[in-house]
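In: Return a 3D structure for these sequence lines:
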Amino acid sequence: MKKQSIIIVLVVGMVLGVAFYVWDRPDSLSVIANNEQNTTVFGNVDIRQVNLGFRVAGRVKQLYFDEGDEVRAGELIAVLDSEPFEEEMALHESELSAAEADYERLQSGFRQQEIKVARAAVSERQATLNNLQAEFIRRQKLVNEGNVSRQSFDDIRAQRDAARAGLESAREQLALMEEGYRKEEVAKANAQVGVRMAQLEIARTRLNDTNLYAPSSGTLLTRALEPGSVAGVGQTVVTLSLSDPVWVRAYISESGLGTIAPGMNAEVFTDSNHDQPYKGHIGFISPKAEFTPKNIETPDLRTRLVFRFRVLVDNPDNRLRQGMPVTVKLLPQKSVGGKLDGQVAK
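Out: Numbers count the residues shown, from 1 in each chain. Next comes the predicted model:
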């Protein structure tokens with residue numbers, strides 16, 4: 001009887017030891033090998049989210065989708081009150097028109113009528129100078145004979161010199177008008193046109209930025225602002241959950257790392273629809289080890305180093321939700337040159 005008790009104790013001890021060994025194996029973290037040499041891991045669905053906002057500040061005029069609505073890429077989600085931006089654009093259009101008119105005026109030069117007026121002024125100054133010069137000669141003769149005063153002679157000489165200077169000025173003015181405006185002035189006016197055009201394009205871009213479009217297809221998660229709210233630059237207006245890509249974040253121990261490779265095919269099973277798995281493949285394996293996340297397994301297993309990898313779901317649908325726990329079966333691949341098919345040789 002005593003021997004039987006000892007044998008029973010030894011058997012129970014061996015069973016407990018084997019159970020502890022199996023439970024304590026590193027592979028028990030998240031990897032289970034079945035009879036077909038498939039590798040099974042457990043993970044969670046990851047879906048990208050994007051916070052959408054306007055590039056300009058303004059008052060929210062309208063939102064076209066509610067929380068939970070499906071949004072297609074390129075659809076208009078929200079708009080700002082565009083009136084201030086339309087007025088700004090109208091102002092810059094007027095400034096551009098004025099700059100273009102000024103540039104055209106300088107490039108064309110003076111009108112023919114203005115040049116004719118300048119030529120007439122030269123002829124008039126020339127006639128005045130001729131008369132004064134003749135009077136100067138006459139009075140010079142008279143002053144030498146003593147028939148006129150010296151003051152009278154000095155007056156006519158001053159008038160002649162002034163007429164001569166006026167004639168020279170009229171001639172220079174005519175030459176400038178016939179030559180046209182300086183090249184530097186024309187170039188400056190042309191540059192001013194460029195500045196006004198750039199300002200107009202900026203105003204047009206700001207006007208277009210009052211429309212908020214969906215960058216990708218997805219589901220509207222939240223509406224952070226409502227019509228009438230004043231949105232700041234870059235402030236979140238809505239949050240969009242993208243429908244593609246969808247991946248599963250999973251972890252594997254170091255001993256199981258050699259059984260997987262980028263490109264390996266996989267099947268993703270959900271608890272709610274276990275009979276219809278999703279097809280996928282491994283798209284990324286982290287080169288860096290990390291401790292097991294706190295939401296995985298027991299406190300003891302959390303202290304072990306694992307490698308994160310990502311399984312991309314090929315044709316996801318709206319049944320896959322952010323954070324959903326899933327089971328991933330990694331399908332074995334043929335060996336090529338001692339390496340897994342799809343694994344890049346170093």
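In: for the stretch 1-150 of the chain, what spans make up the helices?
Out: 2-24, 83-108, 112-145, 150-179 (DSSP state H, counting those that start in this stretch).
In: how about these, which one is nearest Arg206?
Out: Nearest to Arg206, of all the helices of the stretch 1-150 of the chain, is helix 83-108, at 5.3 Å by Cβ to Cβ. In this view, the C-beta of every residue, glycine as well, is placed from N, C-alpha and C.
In: Tell me the gap between that closest one and the middle of its chain.
Out: 28 Å (Cα atoms, centre = their mean, to the nearest Å).
In: And stretch 188-200, by the same measure?
Out: In terms of Cα atoms, centre = their mean, the centre of stretch 188-200 is set 25 Å apart from its chain centre.
In: Identify each buried residue in it, please.
Out: 189, 192-193, 196, 199-200 (16 or more other Cβ atoms under 10 Å).
In: And those residues, which two are furthest apart?
Out: Farthest-apart pair in those is Ala189 and Leu200; separation 16.7 Å (Cβ to Cβ).
In: Mind jotting down where the strands sit in the stretch 201-346 of the chain?
Out: Remark: strands assigned in the stretch 201-346 of the chain by DSSP state E, counting those that start in this stretch are 211-213, 218-223, 230-231, 238-253, 265-270, 278-291, 305-313, 325-330, 335-336, 339-340.
In: so which of the helices of the stretch 1-150 of the chain gets nearest Pro262?
Out: In this view, the helices of the stretch 1-150 of the chain are compared for proximity to Pro262 by Cβ to Cβ, and helix 2-24 is the closest at 30.3 Å.
In: average pLDDT for that closest one?
Out: Mean per-residue pLDDT for helix 2-24: 54.
In: cool, stretch 151-168 as well?
Out: 86.
In: Buried by neighbour count: which residues of that stretch qualify?
Out: For stretch 151-168, a neighbour-count test (16+ other Cβ under 10 Å) marks 153, 156, 159-160, 163-164, 166-167 as buried.
In: Same question for stretch 262-274.
Out: 264-270.
In: Between all of those, which two are separated the most?
Out: Met264 and Thr270 (20.0 Å).
In: Check the chain and tell me which residue is nearest its centre.
Out: Here the mean C-alpha position of the chain is nearest to the C-alpha of Arg55 (Cα atoms, centre = their mean), at a distance of 9.2 Å.
In: right, and the helices of the stretch 1-150 of the chain - which one's nearest Pro227?
Out: Each of the helices of the stretch 1-150 of the chain was scored for nearness to Pro227 using Cβ to Cβ, and the closest is helix 83-108 (14.9 Å).
In: So which bits of the closest one are buried?
Out: For helix 83-108, burial by neighbour count (16+ other Cβ under 10 Å) applies to 84-85, 88-89, 92, 95-96, 99-100, 102-103, 106.
In: what does stretch 71-81 give?
Out: Within stretch 71-81, the residues that count as buried by 16+ other Cβ under 10 Å are 71, 77-81.
In: Quote the end-to-end distance of that stretch.
Out: End-to-end span of stretch 71-81 (Cα to Cα, to the nearest Å): 22 Å.
In: what's that stretch in contact with?
Out: Residues from elsewhere that reach stretch 71-81, judged by Cβ atoms under 8 Å, 6 or more residues apart in numbering: 52, 54, 56, 58-65, 210-220, 231, 237-238, 240.
In: circling back to that earlier point, please tabulate the buried residues of helix 83-108 in JSON lines, including the columns distance to Glu185 and pLDDT.
Out: Below are the buried residues of helix 83-108 laid out as JSON lines (distance: Cβ to Cβ, whole Å; pLDDT from 0 to 100):
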{"residue": "Pro84", "distance to Glu185": "35", "pLDDT": "95"}
{"residue": "Phe85", "distance to Glu185": "34", "pLDDT": "96"}
{"residue": "Glu88", "distance to Glu185": "29", "pLDDT": "96"}
{"residue": "Met89", "distance to Glu185": "29", "pLDDT": "95"}
{"residue": "His92", "distance to Glu185": "23", "pLDDT": "96"}
{"residue": "Glu95", "distance to Glu185": "19", "pLDDT": "95"}
{"residue": "Leu96", "distance to Glu185": "19", "pLDDT": "95"}
{"residue": "Ala99", "distance to Glu185": "13", "pLDDT": "94"}
{"residue": "Glu100", "distance to Glu185": "15", "pLDDT": "93"}
{"residue": "Asp102", "distance to Glu185": "10", "pLDDT": "91"}
{"residue": "Tyr103", "distance to Glu185": "10", "pLDDT": "90"}
{"residue": "Leu106", "distance to Glu185": "6", "pLDDT": "85"}
